[in-house]
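A.B. asks: sequence and predicted model, in that order:
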Amino acid sequence: MRKSLYKMIKLRKQEQFNAVIAEIKVHSPKHGDLLRGRSVLDILRTYEKCDVAGISYITEKKHFRGSFETFREICRNTDLPVLRKDFVTSVDEVERTAETEGSALLLIARILGDRTAELVDSCHDHGVEALVEVHSPYDADIALETSARLIGINNRDISRLELDDGGVEVTERIAPLLKTPALKVSESGISTLDHLTRALRHADAVLVGTAFMLADDMERRVREFVGGGGHA
Ligand SMILES: O=P(O)(O)OC[C@@H](O)[C@@H](O)c1c[nH]c2ccccc12
């Protein structure tokens, strides 16, 4: 059964956790190798222990060294919803995602422009949730024209392939423009608890990769971000 990332974000919020989508990021253009000898499944187990809302994995090969096979393996090995990140531009890729246990697919408004709505509909037709990613007021308008129930605000400029640091001020600027019942996810460049608090003032969830992958004590770092859930 495919799990819903949308529902899991809502559930974590109800449980008074911070809704955190944790990215298993194996490589980044800026930091190079982020696995540092660990396995993808080890990282998955750590994230699972920490009550995250979902898992994100980048299948793009060239810049992020991802693989579709690893995405499948992650999906097979967890009960959490899994988001596939890639630079998807075709219905074929939506269909390929729908053949896995994956929950959601990233669609980047900057890349898809006026085809965004069509691909969102195609996701929904295939039972896959769409997370439409925006970075500018122009992208926000595109996202609002779609039926997406999840909108990601990327704090980094994806066209610069992560060579910028990205700032939470992007979320602060764009989120108020998104007048929609869709859930908002602040993505990228969130590395401190201050960034987290600022992002969650405007967004329902955050998506964090690099800061977790670089942490000396990953489990501790993720728990700090997820917070107490009322049990602390
Ligand atoms: O590692 P960070 O700064 O925490 O960011 C994670 C995630 O948001 C980022 O990997 C990302 C956001 N949108 C993307 C699109 C493609 C590839 C990667 C991404």
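C.D. replies: Looks like it came in fine. Numbers count the residues shown, from 1 in each chain.

A.B. asks: so where's this protein uncertain?
C.D. replies: 162, 229-232 (pLDDT under 70).

A.B. asks: quick check: residues of it near the ligand?
C.D. replies: 23, 25, 58, 60, 64, 85, 133, 154, 158, 187-190, 207-211 (Cβ under 6 Å from any ligand atom). C-betas here are computed from N, CA, C, even on glycine.

A.B. asks: again, only using 8 Å
C.D. replies: 23, 25, 28, 56, 58, 60, 63-64, 85-87, 106, 108, 133, 152, 154-156, 158, 162, 166, 187-191, 207-213 (Cβ under 8 Å from any ligand atom).

A.B. asks: which stretches in the protein count as helices?
C.D. replies: Taking DSSP state H, the helices of the chain run over residues 5-14, 40-49, 68-76, 91-98, 109-112, 116-125, 137-144, 169-174, 193-202, 210-213, 218-226.

A.B. asks: who wins for proximity to Thr180 among these?
C.D. replies: Set against Thr180 and scored by Cβ to Cβ, the helices of the chain come closest in helix 137-144, at 6.0 Å.

A.B. asks: list the contacts of the spatially most central residue of the chain.
C.D. replies: Nearest to the centroid of the C-alpha atoms of the chain, with distances taken as Cα atoms, centre = their mean, sits Leu207, at 4.7 Å. Residues in contact with Leu207 (Cβ atoms under 8 Å, 6 or more residues apart in numbering) are Val20, Ile21, Glu23, Ser56, Leu83, Gly152, Val185, Ser186, Glu187, Ser188, Ile190.

A.B. asks: again, only this time at 7 Å
C.D. replies: Contacts for Leu207 (Cβ atoms under 7 Å, 6 or more residues apart in numbering) come out as Ile21, Glu23, Ser56, Gly152, Val185, Glu187.

A.B. asks: over to Ser103?
C.D. replies: So Ser103 contacts Arg2, Lys3, Ser4, Leu5, Pro81, Val82, Leu83, Glu129 (Cβ under 7 Å, 6+ apart).

A.B. asks: rerun at 8 Å
C.D. replies: Arg2, Lys3, Ser4, Leu5, Gly54, Pro81, Val82, Leu83, Val128, Glu129.

A.B. asks: residues near the second one, how many?
C.D. replies: By the measure other Cβ atoms under 10 Å, the count of residues near Lys3 is 19.

A.B. asks: ok, it to Arg12 distance?
C.D. replies: Between Lys3 and Arg12 the computed distance is 13 Å (Cβ to Cβ, to the nearest Å).

A.B. asks: for Glu95, which non-adjacent residue is spatially closest?
C.D. replies: His126 (6.4 Å; Cβ to Cβ, 6 or more residues apart in numbering).

A.B. asks: my bad, should have said Glu101
C.D. replies: Cys75 is the one closest to Glu101 (Cβ to Cβ, 6+ apart), at 3.9 Å.

A.B. asks: how many other residues sit next to that neighbour?
C.D. replies: Cys75: 21 neighbours (other Cβ under 10 Å).

A.B. asks: so it is in contact with Gly102, correct?
C.D. replies: Yes - counting by Cβ atoms under 8 Å, Gly102 is a contact partner of Cys75 at 5.1 Å.

A.B. asks: overlap of the contact sets of those two?
C.D. replies: Val82.

A.B. asks: re the thing from before, can you list the contacts of Ser103 in a markdown table and add distance to Ser147?
C.D. replies: Conversion of the contacts of Ser103 to a markdown table gives the following (distance: Cβ to Cβ, whole Å):
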| residue | distance to Ser147 |
| --- | --- |
| Arg2 | 18 |
| Lys3 | 20 |
| Ser4 | 15 |
| Leu5 | 16 |
| Gly54 | 20 |
| Pro81 | 19 |
| Val82 | 21 |
| Leu83 | 18 |
| Val128 | 13 |
| Glu129 | 11 |
